[in-house]
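In: I would like to see how this sequence folds:
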Amino acid sequence: MCGISGVISTQQIAGLRSIAQNIQKKLDHRGPDDRGIYFSPTQQASLIHTRLSILDLTSAGHQPMSSADGRYWITFNGEIYNFQVLRTELQRQGEVFTSQTDTEVLLRLYQLEGHHCLDRLRGMYAFAIWDEQEKRCFLARDPLGIKPLYYWHSSETLVFASELRAVLASKFPEKRLSSQGLLGYFLTGSVPEPHTLIEGIHCLPAGQWLSWQSGHLTQQQYWQIDFQSPQNLTHQEAIRITREALLDSLKHHFVSDVPVGIFLSGGIDSSSLVALSRQIQSGSLKTYSIAFEEQEWNEGDIARQIAQHFDTEHTEYKITATTGRSLFPEFLKTIDQPSIDGFNTFCVSKIAHECGSKVVLSGVGGDELFGGYGSFRTVPKLVRWSQRLARIPGLKQGIARGLTAWGRSPKFRRLGDFLSQESITFQAYSSFRGIFSEAESQQLLSCLFPDLPQVSNSSIVQSFGTSVALPDQVSALELSCYMRNQLLRDSDVMSMRWGLELRVPLVDRILFETLTSVPHSLRLMPGKKLLVQSVQELPDWITNRPKRGFFFPYKQWMATEWKDYFTHLTVPPDIDLRPWYRPWSLFILQHWWENLNVD
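Out: Residues are numbered from 1 along each chain as shown. Prediction:
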């Protein structure tokens, strides 16, 4: 796991060495073990790398890495879990390797197959390959968007990096806020790809590659979420397929030259990872969890029980309002783009780092794949309710206007938004997951940033064909919106702050493609029943617990010891600041923007 960046131009770049060094400083935290910069002979290109050594810990894994003839250069962030199989295939074809890294395998594979190599990769990745002969730069991001990749381009120049701040460090983009990115942030609590909060900087969408040559960009989708091919399976067949796919994914995610630990929250997803890990790992296994003084939120007790049951080396980090506040300033410095999440990963990553871990597994993705969120029940109800109201002329529109204008809670105002639009799943999902309503978001945009142009949210709407079942549409939205734009992005930035590689076995292309063969009537059974039945090692006292979710007691902290952070917000008087994540989102945005301009 690393930090990558690059600056490419059609002409010689003045001061390229200084530019590259400034960028690299912004990525130092992502790669404490090694660093490197490549400059093309013509000074038209530079690739930048900071390395966290996980595979082949020797200097043979140094990046940027070149092909034997010096034509191709790569800077790579991530892990290719099937690289050993690919390496063996290439060796049979006569290829010779000088390292034990997946980076070298990826570079050779690209030399032979070009962008088609992406079809053969299993892993999480964002990488760039510079072709010195053709003066072409190729960028790619993994299918489900685990690793981020940002870029900016003009008629002559391309700048890319693992983090937004590193792109800005090149000094090519101006620090101008994006109306579209801000609107998406107010609506959802995170910035929806491909937008960012900076005008002109884009996030390369998941499952896409981009090619730059002579100032021209070519962009293409090579993989996308698809729920259109379920098979006619029995319940027992579904359990067998699911268990085999979970074990297969976990085995691949344990590929490492350093020990692999697990974040253990006490929920079904992380407990399943621990249980299945014991089927493939018989030695020492480290687990990490967060505990609170507030018993309403504390999952520490159950996490300790699970750790004891599966004989793990467990470390618990108890966070109080006071200790949380002491960590908060460093968390604020770590933020690359604001969201209403991330502090939890920041805290548990800190303790894993202090215990000497470099690789950990997380249960992110389980709720999205197995129907663990309330959205799987609420969103279909909203769609059907809206469709019924639409049969009576004027009724739906009247209710929508009333809720939008007079709704007493944020929830009712977002519901008014939904009813005022076409009854599609995305709008119902946005109402369920939303932070501010459309009208409130536009109002905040005008109040906080009056010089920015007004925009609509039409660019972030997702639609589905009639062949995709409504429950599968919800799953696709959770995977491509909440998980990708918030959970995965925050997990990447916050874990990398502590030099920690975070892997997500439940966010795996092969696992996903296998589970889409299971009909939603089985895969999305209430209580994540299919997952539970596929992991028979889980004891009843885990599986019979009601779902709680993993939350920090922010509301209590913000009303007491953290209060001064949130008492000086600039907001229109009629914007309701309940619940806690509304003032949180506004403070994080304000702090991020102020500090970005100081930097």
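In: roughly how far does the residue nearest to V255 when sequence neighbours are not counted sit from Q208?
Out: Among residues not flanking V255 along the chain, Y81 sits closest, at 5.4 Å (C-beta to C-beta, 6 or more residues apart in numbering). The C-beta positions use only the backbone N, C-alpha and C, and glycine is treated the same way. Distance of Y81 to Q208, given as C-beta to C-beta, to the nearest Å: 20 Å.
In: so N344 is in which element?
Out: Using DSSP states H and E, N344 maps to helix 343-354.
In: contact partners of whichever helix or strand comes after that helix?
Out: Sequence-wise, the next helix or strand downstream of helix 343-354 (DSSP H and E) is strand 359-361. Defining contact as C-beta atoms under 8 Å, 6 or more residues apart in numbering, one finds that strand 359-361 is touched by 54, 250, 253, 256, 258-263, 273, 277, 288, 349, 352, 495, 500-505.
In: do you know the pLDDT at the residue nearest to D508 when sequence neighbours are not counted?
Out: Spatial nearest neighbour of D508, chain neighbours left out: S249 (4.5 Å); criterion: C-beta to C-beta, 6+ apart. What the model reports as pLDDT for S249 is 98.
In: just Q63 next, same as before
Out: For Q63, pLDDT reads 87.
In: ok, I225 touching A476?
Out: Yes: the criterion here is C-beta atoms under 8 Å, and I225 meets it with A476 at 5.0 Å.
In: so those two - more neighbours on which side?
Out: Between I225 and A476, counted using other C-beta atoms under 10 Å, the more crowded position is A476 (21 against 18).
In: now do the more buried one against G36, distance only.
Out: On the measure of C-beta to C-beta, A476 and G36 end up 39 Å apart.
In: and the strands in the stretch 401-550 of the chain?
Out: 501-503 (DSSP state E, counting those that start in this stretch).
In: show me where pLDDT drops low in it?
Out: 405-408, 423, 458-461, 465-466, 547-550 (pLDDT under 70).
In: so the residue of the chain positioned farthest from its centre, which state does it fall into?
Out: Of all residues in the chain, P393 has its C-alpha farthest from the mean position, at 42.2 Å, by C-alpha atoms, centre = their mean. Classification of P393 using DSSP: H, G, I helix; E, B strand; the rest coil returns coil.
In: residues in contact with it?
Out: Residues counted as contacts of P393 (C-beta under 8 Å, 6+ apart): none.
In: in the helix holding N344, what counts as buried?
Out: F343, N344, T345, F346, C347, V348, S349, K350, I351, A352, H353 (16 or more other C-beta atoms under 10 Å).
In: pretty sure the third one contacts M494?
Out: Yes: here T345 reaches M494: they are 4.1 Å apart, a contact under C-beta under 8 Å.
In: any idea how far G371 lies from S521?
Out: Distance of G371 to S521, given as C-beta to C-beta: 11 Å.
In: swap in Q454?
Out: Counting by C-beta to C-beta, the gap from Q454 to S521 is 44 Å.
In: more neighbours: which of G371 and S521?
Out: Using other C-beta under 10 Å, the more surrounded residue of G371 and S521 is G371, with 24 against 13.
In: so what's the residue count around the nearest residue to the more buried one once chain neighbours are set aside?
Out: Nearest non-adjacent residue to G371, counting by C-beta to C-beta, 6+ apart: L524, 3.4 Å away. By other C-beta under 10 Å, 22 other residues sit near L524.
In: now swap in the one 5 residues further on and tell me
Out: Other residues within reach of K529, judged by other C-beta under 10 Å, total 17.
In: wait, what's in contact with it?
Out: Per C-beta under 8 Å, 6+ apart, neighbours of K529: none.
In: again, but for D248
Out: Residues near D248 by C-beta under 8 Å, 6+ apart: I510, L511.
In: again, only this time at 6 Å
Out: Not one residue lies near D248 by C-beta atoms under 6 Å, 6 or more residues apart in numbering.
In: in which helix or strand would I find it?
Out: Going by DSSP H and E, D248 is in helix 235-253.
In: state the distance from the residue nearest to I48 when sequence neighbours are not counted to I37.
Out: Leaving aside its sequence neighbours, I48 sits nearest to S5 (C-beta to C-beta, 6+ apart; 4.2 Å). Applying C-beta to C-beta, the value for S5 to I37 is 9 Å.
In: so between those two, which is more surrounded?
Out: Taking other C-beta under 10 Å, S5 and I37 do not tie; S5 has more neighbours (30 against 20).
In: give me phi/psi at that one?
Out: Main-chain dihedrals, S5, degrees, to the nearest 10: phi -160, psi 170.
In: show me what contacts I435?
Out: G189, S585.
In: list the helices and strands the helix or strand encompassing G6 packs on?
Out: Assignment of secondary structure by DSSP H and E places G6 within strand 2-9. When contacts are defined as 3 or more C-beta pairs under 6 Å, 6 or more residues apart in numbering; DSSP states H and E, strand 2-9 packs onto strand 45-51, strand 72-80, strand 157-161.
In: mind putting the ones you listed into CSV with mean neighbour count and mean pLDDT?
Out: Converted to CSV, those look like this (neighbours: other C-beta atoms under 10 Å; pLDDT from 0 to 100):
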stretch, mean neighbour count, mean pLDDT
strand 45-51, 27, 93
strand 72-80, 26, 96
strand 157-161, 25, 98
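In: for L569, give its distance to K555.
Out: 16 Å.
In: what's the closest non-adjacent residue to S456?
Out: L183 (7.9 Å).
In: per-residue confidence at that neighbour?
Out: On the pLDDT scale, L183 gets 96.
In: dump the residue contacts of it.
Out: By C-beta under 6 Å, 6+ apart, the neighbours of L183 are S441, V455, N457.
In: neighbours around I239, how many?
Out: For I239, the neighbour count with other C-beta under 10 Å is 21.
In: could you measure from R503 over to D257?
Out: From R503 over to D257 (counting by C-beta to C-beta), the distance is 14 Å.
In: which one's more surrounded, those two?
Out: Per other C-beta under 10 Å, whichever of R503 and D257 has more neighbours is R503, with 29 against 15.
In: so F186: helix, strand or coil?
Out: Assigned by three-state DSSP, the conformation of F186 is helix.
In: isn't it up against E440?
Out: No: with contact defined as C-beta atoms under 6 Å, F186 does not reach E440; the gap is 7.3 Å.
In: hmm, back to that, and the pLDDT for the residue nearest to I48?
Out: For S5, the model assigns a pLDDT of 97.
In: now the one 10 residues further on
Out: The model reports G15 with a pLDDT of 94.
In: what's the answer for the one 5 residues further on, then?
Out: A20 is assigned a pLDDT of 96 by the prediction.
In: from E293, how far out is the residue nearest the centre of the chain?
Out: In the chain, the residue lying closest to the centroid (C-alpha atoms, centre = their mean) is L488, at 1.8 Å. Distance of L488 to E293, computed by C-beta to C-beta: 30 Å.
In: now the residue farthest from the centre of the chain: how far from S179?
Out: The gap separating P393 from S179 is 36 Å, by C-beta to C-beta.
In: ramachandran coordinates for G300?
Out: When read as degrees, to the nearest 10, the backbone of G300 gives phi -60, psi -40.
In: for stretch 308-324, which residues meet the burial criterion?
Out: Residues of stretch 308-324 classed as buried: H309, F310, T312, H314, T315, E316, Y317, I319, A321, G324 (neighbour count, 16+ other C-beta under 10 Å).
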